[in-house]
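# 3D, please:
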Amino acid sequence: MTTHTICATCGTQYAGGPPPNGCAICNDERQYVGWDGQRWTDHDTLRRQHSLRIEEDDGLLAFGMTPGFAIDQRALLVPSVGGSILWECLPLVTDDAVAAIQARGGVRAIAISHPHFYGAMVDWSEALGGVPILTHEADRHWVQRPSPAIEHWSGDRLALAPDVTLIRCGGHFEGSTALLSHRGKGALLSGDALQVGLDRRHVSFMYSYPNLIP
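I've put the predicted structure just below:
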């Protein structure tokens with residue numbers, strides 16, 4: 001696995017070489033630099049200190065880091081006609097997670113809602129056979145580790161299959177995207193584009209959640 005630098009606050013992986021002076025994602029007003037200052041790690045260190053929990057979540061296979069790391073992202077394996085979609089990415093890839101995905105037929109693409117979930121998306125693509133990574137064109141400049149696998153889509157909607165559509169919502173980031181699945185009872189996976197209230201009757205939209213900027 002790679003030794004590319006990973007920001008310890010947001011979990012974004014950077015291109016090779018010495019780490020930059022600061023993390024572009026964390027220096028943006030929607031995120032924050034940790035109170036102890038900028039800290040870096042790498043994939044090998046994460047593999048020694050963390051594992052991935054793999055669990056069922058209402059018909060989807062969910063992945064998260066244990067113990068929690070960065071902003072505690074989760075990734076979801078979304079079944080679809082023609083092959084599953086991995087929705088979001090984590091800073092850590094493990095053999096167990098890859099095996100669990102392959103046991104369900106693998107994936108045909110990775111789709112990301114916004115830059116806070118880029119994680120180690122290139123490592124995930126490589127571990128899954130070089131599948132394409134779909135991010136919105138409006139967020140192209142936030143990609144910190146370029147790769148030929150990354151495909152920037154444009155517009156407001158992209159049909160990945162008859163039962164799965166990407167929808168650009170904007171707001172949190174210009175290219176913030178949700179995934180709409182029509183399988184079963186249906187699901188809208190919204191990233192941070194919107195948050196559903198506990199009463200399940202209200203939704204909220206924020207430019208920055210950690211900094212409470214509406």
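
# For this structure, give me the ranges with low pLDDT.
For the chain, the stretches with pLDDT under 70 are 1-2.

# longest helix in it, by residue count?
Longest helix in the chain, counting residues (DSSP state H): helix 95-103.

# Any idea how far that helix is from the middle of the chain?
17 Å (CA atoms, centre = their mean, to the nearest Å).

# Only C-alpha atoms, please: export that helix in CSV.
The C-alpha trace of helix 95-103 is given here as CSV (Å, rounded to 0.1, in the frame of the first residue of the first chain):
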residue,chain,number,x,y,z
ASP,A,95,-8.0,-6.7,3.0
ASP,A,96,-11.1,-7.7,5.0
ALA,A,97,-13.1,-4.8,3.6
VAL,A,98,-12.0,-5.5,0.0
ALA,A,99,-12.8,-9.2,0.5
ALA,A,100,-16.3,-8.3,1.8
ILE,A,101,-16.9,-6.2,-1.3
GLN,A,102,-15.6,-8.8,-3.7
ALA,A,103,-17.8,-11.4,-2.0
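
# tell me the angle the helix or strand that that helix is followed by makes with helix 95-103.
Going down the chain from helix 95-103, the next helix or strand is strand 107-111, by DSSP states H and E. Inter-element angle recorded for strand 107-111 and helix 95-103: 120 degrees (by axes from the mean of the first three to the mean of the last three CA atoms, to 10 degrees).

# list the contacts for the residue lying closest to D163 once chain neighbours are set aside?
In space, D163 comes closest to H182 once its chain neighbours are excluded; the distance is 4.4 Å by CB to CB, 6 or more residues apart in numbering. For the C-beta atoms, the positions are set from N, CA and C on the backbone; glycine is no exception. H182 makes contacts with 162-165, as judged by CB atoms under 8 Å, 6 or more residues apart in numbering.

# Likewise for Y118?
Per CB under 8 Å, 6+ apart, neighbours of Y118: 12-13, 25, 89, 112, 135, 142-144.

# Which of those residues fall within helices?
Going by DSSP H, the helices hold I25 from those.

# Surely V93 touches H50?
No: in this structure V93 lies outside contact range of H50 using CB atoms under 8 Å: 11.2 Å.

# out of those two, which sits in the more crowded spot?
V93 (26 against 18; other CB atoms under 10 Å).

# And the helices in this structure?
Using DSSP H, helices in the chain cover 24-27, 43-49, 95-103, 121-127.

# Distance to D36 and mean neighbour count for those - can I get that in a markdown table?
Supplementary listing: the helices of the chain in a markdown table, determined by distance: least, CB to CB, whole Å; neighbours: other CB atoms under 10 Å:
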| stretch | distance to D36 | mean neighbour count |
| --- | --- | --- |
| helix 24-27 | 12 | 18 |
| helix 43-49 | 17 | 14 |
| helix 95-103 | 29 | 15 |
| helix 121-127 | 26 | 23 |
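
# quick one, which of those helices is nearest to A187?
Nearest of the helices of the chain to A187, taken as CB to CB: helix 95-103 at 18.4 Å.
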